[in-house]
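**Q** Fold the following and give me the result.
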Amino acid sequence: MSDPTGDYVPPKVWTWNKASGGRFANINRPVSGPTHDKELPVGRHPLQLYSLGTPNGVKVTVMLEELLALGHGGAEYDAWLIRIGEGDQFGSGFVDVNPNSKIPALLDRSGPKPIRVFESGAILLYLAEKFGALLPKDPATRAECLSWLFWQMGSAPYLGGGFGHFYAYAPTKIEYAIDRFTMEVKRQLDVLDKRLADNEYLAGSDYTIADIAVWPWYGGLAKGWLYGAAEFLSVQDYKHVQRWADTIGARPAARRGRMVNRESGDLSSQLHERHDASDFDTRTQDKLAHQD
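**A** Purely as a prediction, here's the structure:
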C-alpha cells in the first residue's frame, strides 16, 4: 500500500480501538497492570531471568554468559521464556517483577531479600556493579561507557518502535513514517561508525556493557538479523560497525547469549530455557525434537 491520503483528523479525545493495532493488537493496551494471576517459576540459581530473545533480552543473556566466562560463578542463572505474543508479561508474577510488563526482568535471590531489576540497561549496570566486571573503573572511561549505554537506551526506540515497526510490522506502509525513521536510524549508524573508526570498542580499547547493550540492536541490524532491512539501509557501508559487530559475534559468550530464550531461526540456535551450562549441548530445540 502507498502512503495514506493524509485526511485523518485526530479526535478531540482519543479512545482505544483495539482493532487498529495490527499484529500487536493482542498485546498492546493503554493501561498497565496484570490481566491474570500467574506465578513465575523459580529455578535453583541465585539469578532468575524472565525474558525473550529479542535484542533487549539478548543484552542480558550475553552479559550473564560473559560474566560466567570471566569466572563469576555467582552469575549462574535460570532463564525462563516469556512469550509476549501470548501475554505472559501481563501475569501477576511478572508484573510484580516489572510493573512495565516488558522483557527482560531479573530477580536476584542471592541476598536476604529478593531484588527486582527491570529495564535492560539497568540490569546490565546492576550486574556490572554486582560482579565488578565489564564496567571501567577509570572515571573518564566509565563516563564514556555509560554515555554509550544510555545512548543505546534512548536510540533504540527509534530503531525498534519507529523504523522496525513502520518498515516491517505496520499494517499500512506509510512513506512519511518510514522516511522519518530511516533517516534517524542511518544517522545513528553513522554516529556509531565514526566512533568505531578510531576505537576498537565503544568505550575505547576494552569491551564493556556499552558494547553488550548496542550489539544486539545495531550489530544485529548490520548483520541482517533485524527486520529484513539490511539492503534497504545499505548496512555494508558502515564498515567500522561491521568490523565491531563481527568481533563481538565471534565471542563464544555472545554466541551463547544470543541462543537463550530464542524462538526464531535455526532450531540448533534456539535454547528456549537455560538452567545449566550443559543445556547448550543437550537442550536446544533441534536436540529436543530429536528426543521426541
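
**Q** drop to CA atoms for contacts and neighbour counts, all remaining ones
**A** Noted.

**Q** Backbone dihedrals for residue 117, please?
**A** As for residue 117, its main-chain torsions (degrees, to the nearest 10) stand at phi -140, psi 130.

**Q** quick one: contacts for it?
**A** 97-98, 105-108, 123, 126 (C-alpha atoms under 8 Å, 6 or more residues apart in numbering).

**Q** Beta-bridge partners for it, please?
**A** residue 106 (DSSP bridges).

**Q** related to what we said a few turns ago, I'd like to know which of the contacts of residue 117 are buried.
**A** With neighbours counted by 16 or more other C-alpha atoms under 10 Å, the contacts of residue 117 contain buried members at 97-98, 105-108, 123.

**Q** Quickly list the domain ranges of the protein.
**A** 1-134, 139-259 (the TED database).

**Q** ok, back up a step: okay, the contacts of residue 117 in CSV with pLDDT and distance to residue 27 next?
**A** Formatted as CSV, the contacts of residue 117 follow (pLDDT from 0 to 100; distance: C-alpha to C-alpha, whole Å):
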residue, pLDDT, distance to residue 27
97, 98, 18
98, 98, 16
105, 98, 17
106, 98, 21
107, 98, 23
108, 98, 27
123, 98, 24
126, 98, 28
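
**Q** low-scoring stretches of the stretch 1-150 of the chain, by residue?
**A** 1-6, 19-22, 25 (pLDDT under 70).

**Q** ok, 50 please
**A** For the stretch 1-150 of the chain, the stretches with pLDDT under 50 are 1-3.

**Q** report the longest helix in this structure, please.
**A** Using DSSP state H to define each element, the chain has its longest helix at helix 175-197.

**Q** nearest spatial neighbour of the residue sitting nearest the centre point of the chain, skipping sequence neighbours?
**A** Taking C-alpha atoms, centre = their mean, the centroid of the chain lies closest to residue 56, which sits 1.2 Å from it. Excluding its sequence neighbours, the residue lying closest to residue 56 (C-alpha to C-alpha, 6 or more residues apart in numbering) is residue 120, at 6.0 Å.

**Q** and if you look at residue 208?
**A** Closest to residue 208 by C-alpha to C-alpha, 6+ apart is residue 134, at 4.5 Å.
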